[in-house]
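1. need a structure here:
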Amino acid sequence: MPQVSAGRWQILSNLANPAKLPGMSTMNISLPDDMKAFVDEQVRINGFATTSEYMRALIRERKDAIERLRALVMEGMESGAPQPAEDVSARLRARIEAARSGMKAAE
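-> Coordinates of the predicted model:
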């Protein structure tokens, strides 16, 4: 059996346990049996190697969604003075009615 230096052994050990890699922490959660079964199924059918990989993907998706929502809120805040919803709705209804009238005239 080949000799493995202490430094290389530590590297191999860290690869086997990602929680020991720099910047990685562990977190334990408790789930009801039906939720655990759901997570296990999602890991299997979506091709994740581990439950941790699946959970990291879910967290990344959630973070991205929050960032998109914040960007939309900022865009709305920077888009100008607010307008009463009734005015916006009235303009939309008028556009829809005009489009319908144009469609009927073309028939």
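
2. next SSE after the host helix or strand of K63?
-> Secondary structure from DSSP states H and E places K63 in helix 51-77. Next helix or strand after helix 51-77 toward the C-terminus (DSSP H and E): helix 85-106.

3. can you list contacts of stretch 72-87?
-> The contact list for stretch 72-87 (CB atoms under 8 Å, 6 or more residues apart in numbering) is empty. C-beta coordinates here come from the backbone N, C-alpha and C atoms, glycine included.

4. report the buried residues of it.
-> By 16 or more other CB atoms under 10 Å, stretch 72-87 has no buried positions at all.

5. any idea how far that stretch is from the chain center?
-> Relative to its chain's centre, stretch 72-87 lies at 25 Å (CA atoms, centre = their mean, to the nearest Å).

6. give the buried residues for the helix holding K63.
-> 54-55.

7. and it, what's its mean pLDDT?
-> What helix 51-77 shows for mean pLDDT is 95.

8. try stretch 23-32
-> Taken as a whole, stretch 23-32 has an average pLDDT of 90.

9. first-to-last residue distance for it?
-> End-to-end span of stretch 23-32 (CA to CA, to the nearest Å): 29 Å.
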